[in-house]
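Participant: here's my sequence, what's the structure:
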Amino acid sequence: MTDIIIKRALLSVSDKTGLVELGQALAAKGVELVSTGGTAKALRDAGLTVMDVSELTGFPEMMDGRVKTLHPKVHGGLLAVRDDAEHAAAMAAHEIGAIDLVVVNLYPFAQTVAKGAARDEIIENIDIGGPSMVRSAAKNHAYVAIVTDPADYGIVAEGTTNLDQRKLFAAKAFAATATYDAMISSWFAAADQGQAFPDAMSIPVRKADALRYGENPHQQAALYLPLGPSARGIAQAEQLQGKELSYNNYNDADAALELVSEFRDGPPTVVIVKHANPCGVATADTLIDAYKAALACDSVSAFGGIIAVNRPLDGPTAEAISGIFTEVVAAPAADDAARAVFAKKKNLRLLITGELPDPRRPGLQLKSIAGGLLVQTRDNGAIGAEDLKVVTKRAPTDQELADCRFAWTVAKHVKSNAIVYAKDGATAGVGAGQMNRLESARIAAWKAKDAADKAGWSEPRTIGSAVASDAFFPFADGLLAAVEAGATAVIQPGGSMRDSEVIAAADEAGLAMVFTGMRHFRH
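Facilitator: Down below sits the predicted model:
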């Protein structure tokens, strides 16, 4: 059977968007409307004739509506194979009428959780009858149309459906019940039972957009958004201009936003990212000064980069940014002057994020591997001044300590092995993603010297800088490379078997060094 004329429709929806218009269109086609509770009332209030489910089943709704559609006359009408003689005989014997269309959307479980409802209210918003009808109708899509998305109302409003439509409806219906159950299981595991890693994990997400391609043109990609409560981020940002974001744009912009969010309560800060690694970070009294200092760290890598700021974007800063090619700029807000400047750059994407995400928020990170999935909690670890342990003979000065903490914050967001030199609230050199820490230290120093040469400075900013290492120095060689670059203070986790050798080397060079007791690997 392919085309089906809809003679009877069962409608039961929580979200009543478009309901009345659909009911009117179906009634105009001579379709009998069956409904429940608030849905039936909304249709009757619009002047439509509606049969209550209790009239169809001959059994009253009971237990505060918990039991109303769980009945053979409902599910028999949905599950019966119409051209099966035995099924037809059972329908006739038990006076079960066929139902050709089911329109259902489920109790607002996620919205109830999001508003901070009490546990009992959350439990009451777990839909039972709705998913049961959806699954019955979707299984029997050869004969029944199941609509769970109001965007599809216009299709069934014509009064007929074909098999291709019903297949599509069934796929969307099972996806709807799967994500609904995933939200419920996630809430029970995490919020109700406090389980970060339950035995079975469901991830409720929905597709927001198909992307042009993935990391490379031969790869496919899409953006998915979480269903239920979640932090706002790049995925929810408002794009004011520019062509659509690519997979790499999203990835890099997320890296920039996550780092700048570390400074959301600090002074004006600018982060410049290239290939998910920060190539320049700075804080200053004004946003434009912060941008200039961040750009000076590595103006070559900044070309075609991603910029994130922690303050509303102003016109002068936008003018400075527009001086070189920039792919994406993310900001909590942007004034009219900044928007006007960027409007002249048609390929630049301007993203308005609103409030920056909390860097200390909980959450999970997922990474696929061959044959499995790695899951870990977010790296939301942080240190305060009270967590630092001075391990050298010389303690850092206040300025050195401030630069140590700044460099440490940036290093947390640099791919391992990570070395970051910083001075006066700005990165001086960044060494990222090397196979050994010594090479990262050397590369960061070389980049600082190159930046000085390009800027015409008398010396690189590594002279008198603080250096951060995301993990301990396994040997003194990496630290000695920092000494050679001119660093005077070091911040690192500590914990190496050769800590004593590294401390001795620092003392001999007159360095101040502090241990954090926390590492920040980022692979």
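Participant: do you know how far Ile6 is from Ile155?
Facilitator: Distance of Ile6 to Ile155, computed by Cβ to Cβ, to the nearest Å: 11 Å. (Glycine included, C-beta is placed from N, CA and C.)
Participant: hey, which helix is longest across this protein?
Facilitator: Using DSSP state H, we find that the single longest helix of the chain is helix 163-186.
Participant: and the next helix or strand past that one?
Facilitator: Later in the chain than helix 163-186, the nearest helix or strand by DSSP states H and E is strand 205-210.
Participant: got the angle for that following strand vs helix 163-186?
Facilitator: Angle, strand 205-210 to helix 163-186, by axes from the mean of the first three to the mean of the last three Cα atoms, to 10 degrees: 130 degrees.
Participant: how many residues are close by the residue nearest to Arg166 when sequence neighbours are not counted?
Facilitator: Using Cβ to Cβ, 6 or more residues apart in numbering and skipping the chain neighbours, the partner closest in space to Arg166 is His141 (4.3 Å). Neighbourhood size, His141 [other Cβ atoms under 10 Å]: 20.
Participant: quick check, His141 in contact with Gln165.
Facilitator: No - counting by Cβ atoms under 8 Å, His141 does not reach Gln165; the two are 9.3 Å apart.
Participant: and for the residue nearest to Leu511 when sequence neighbours are not counted, the neighbour number?
Facilitator: Among residues not flanking Leu511 along the chain, Val490 sits closest, at 5.7 Å (Cβ to Cβ, 6+ apart). Neighbourhood size, Val490 [other Cβ under 10 Å]: 29.
Participant: so in that sheet, which strands flank the host helix or strand of Val490, and in what orientation?
Facilitator: Element membership of Val490, judged by DSSP H and E, is strand 489-492. Partners of strand 489-492 in the sheet, by DSSP bridges, are strand 466-469 (parallel), strand 512-515 (parallel).
Participant: where in the stretch 51-200 of the chain is pLDDT low?
Facilitator: Scanning the stretch 51-200 of the chain for pLDDT under 70 picks out the ranges 55, 57-70.
Participant: could you pull out the strands in it for me?
Facilitator: For the stretch 51-200 of the chain, the strands defined by DSSP state E, counting those that start in this stretch occupy 51-52, 101-105, 145-147, 160-161.
Participant: what of the stretch 351-500 of the chain?
Facilitator: 364-369, 372-377, 389-390, 419-423, 426-431, 466-469, 489-492.
Participant: how close does the residue lying farthest from the centre of the chain sit to Glu86?
Facilitator: Distance from the C-alpha centroid of the chain peaks at Ala93, with 53.4 Å (Cα atoms, centre = their mean). Note on Ala93: its distance to Glu86, by Cβ to Cβ, is 11 Å.
Participant: hang on, the earlier thing: would you mind measuring from the residue farthest from the centre of the chain to Arg361?
Facilitator: Using Cβ to Cβ, Ala93 is found at 59 Å from Arg361.
Participant: any idea how far His413 lies from Phe521?
Facilitator: Taken as Cβ to Cβ, the span from His413 to Phe521 is 12 Å.
Participant: so those two - more neighbours on which side?
Facilitator: His413 (27 against 13).
Participant: distance of the closest residue in space to that one that isn't next to it in sequence relative to Gly372?
Facilitator: Leaving aside its chain neighbours, His413 sits nearest to Leu259 (4.2 Å; criterion: Cβ to Cβ, 6+ apart). From Leu259 across to Gly372, the span is 29 Å (Cβ to Cβ).
Participant: what's the answer for Ala157, then?
Facilitator: Counting by Cβ to Cβ, the separation of Ala157 from Gly372 is 45 Å.
Participant: the strands paired with strand 489-492 into a markdown table, with extra columns for mean pLDDT and mean neighbour count?
Facilitator: Listed next are the strands paired with strand 489-492 as a markdown table, based on pLDDT from 0 to 100; neighbours: other Cβ atoms under 10 Å:
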| stretch | mean pLDDT | mean neighbour count |
| --- | --- | --- |
| strand 466-469 | 98 | 32 |
| strand 512-515 | 97 | 24 |
